[in-house]
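Novice: fold the following for me, if possible:
(chains A and B)
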Amino acid sequence: MDRYGNYLYAYAMSRLRNADVAADCVQDTFLAGIKALERFDGSRDIKFWLRGIMRNKIVDQIRKSIKENKVDIDNEDETLLESFWFKYSGIATTNPDPWQFNPRKAYDNTEFWDVFNVCIDKVKQPARQAFVLRMLEDMETEEVCKVMDITPNYLWVLLHRARQQLKVALEEKWTGKDVK
Amino acid sequence: MFTCKQVSHSLSKEDYAKLSPAKRFFLQLHVKLCIFCGKFNRQVMDGQDMCRHFKQYEATNCQCAPELQEGQKDELKALLAAQSAKSSKN
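Specialist: Below is the predicted model of the structure:
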């Protein structure tokens, strides 16, 4: 608990962005870990084994929060959202804006990742949930659609939106300029 | 030939590996020739790359991550001790 508690809490916080829910997740993870301890074969670091358990708890929490806020997802018309980017023929109408700085050059700077972590918070729901499941938890498109109860097209819209919002937030925080 | 919509969906879903070699060739050709899809592909790849690096950073040397409060830790420790005692009885 002393060794991995904070790591798991930070992991849950970066995905769930809610201190109470993250603490509950840590608790559930340790409890599930104790129950399943005899199945741990020692082939990998116990930290990552616990993280694997926590991943399922995070997905459960996201599923639960989506059920509670279902209206937010159903509210939007995916055809309308897509029409901003594509003509009826499927040809693109807008170009994604280039980066205001080169993020790859900032990878070695630990401060950049702290800023990145803060910026994930700037992505609005449900795009953030889609981003967390697909990009941070590496879940397959089909799995994410099942958890979020959305179509693959709508997931595309959410991920695109999440990337855009994250980019704007990163540019604003990292370069110190207000880019809109 | 693919439309921009099909290409961007495929790039976003990362399902291009499942496409046939011929389809993959046309998809790559489209990305090379189309300004929108080239930029979109770059954006998707930047996102994937960034997330991969973030996860590495998170697993190894996250310095200013939020921490559990002492009260929460004590509560959790007591709960875990009770749970361990319960499972060792069984």
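Novice: so the nearest residue to residue B:2 once chain neighbours are set aside, which of the three states?
Specialist: The shortest distance from residue B:2 to any non-neighbouring residue, by Cβ to Cβ, 6 or more residues apart in numbering or on different chains, is to residue B:30 (5.1 Å). All C-beta spots, glycine's among them, are computed from the backbone N, C-alpha and C. Taken by DSSP: H, G, I helix; E, B strand; the rest coil, the conformation at residue B:30 corresponds to helix.
Novice: where do the helices of chain B begin and end?
Specialist: Ranges of helices in chain B, per DSSP state H, are B:4-13, B:21-33, B:35-60, B:70-89.
Novice: still on that earlier bit, and the residue nearest to residue B:2, how many neighbours?
Specialist: Under the neighbour criterion other Cβ atoms under 10 Å in any protein chain shown, residue B:30 is assigned a count of 21.
Novice: residues contacting it?
Specialist: Counting by Cβ atoms under 8 Å, 6 or more residues apart in numbering or on different chains, residue B:30 touches B:1, B:2, B:4, B:7, B:37.
Novice: go again with 6 Å.
Specialist: Applying Cβ atoms under 6 Å, 6 or more residues apart in numbering or on different chains to residue B:30 gives the contacts B:2, B:7, B:37.
Novice: could you check the pLDDT of it?
Specialist: We note a pLDDT of 88 for residue B:30 in this prediction.
Novice: give me the distance between it and chain A.
Specialist: 11 Å (Cβ to the nearest Cβ, to the nearest Å).
Novice: and residue B:68, by the same measure?
Specialist: Counting by Cβ to the nearest Cβ, the separation of residue B:68 from chain A is 5 Å.
Novice: and that residue, how many neighbours?
Specialist: The local packing count at residue B:68 equals 22, with neighbours defined by other Cβ under 10 Å.
Novice: my read: it touches residue A:10, true?
Specialist: No: under the criterion of Cβ atoms under 6 Å, residue B:68 makes no contact with residue A:10, lying 9.2 Å away.
Novice: returning to that earlier point: report the buried members of the contacts of residue B:30.
Specialist: In these, burial by neighbour count holds for B:2, B:7, B:37, counting by 16 or more other Cβ atoms under 10 Å in any protein chain shown.
Novice: what is the nearest of those to chain A?
Specialist: Within these, proximity to chain A (Cβ to the nearest Cβ) peaks at residue B:37, which comes in at 6.9 Å.
Novice: that closest one reaches residue B:31, doesn't it?
Specialist: Yes: counting by Cβ under 6 Å, residue B:37 does reach residue B:31; the two are 4.9 Å apart.
Novice: could you find the closest non-adjacent residue to the residue sitting nearest the centre point of chain A?
Specialist: Residue closest to the average C-alpha location in chain A (Cα atoms, centre = their mean): residue A:132, at 1.5 Å. Counting by Cβ to Cβ, 6+ apart, residue A:15 is the residue found nearest to residue A:132 once chain neighbours are left out, at 4.9 Å.
Novice: so where's the chain uncertain?
Specialist: Just going to use chain A. Across chain A, the ranges flagged by pLDDT under 70 are A:1, A:70-90, A:92-93, A:177-180.
Novice: let's do chain B instead
Specialist: Across chain B, the stretches falling below the confidence threshold (pLDDT under 70) are B:14-15, B:61-65, B:84, B:87-90.
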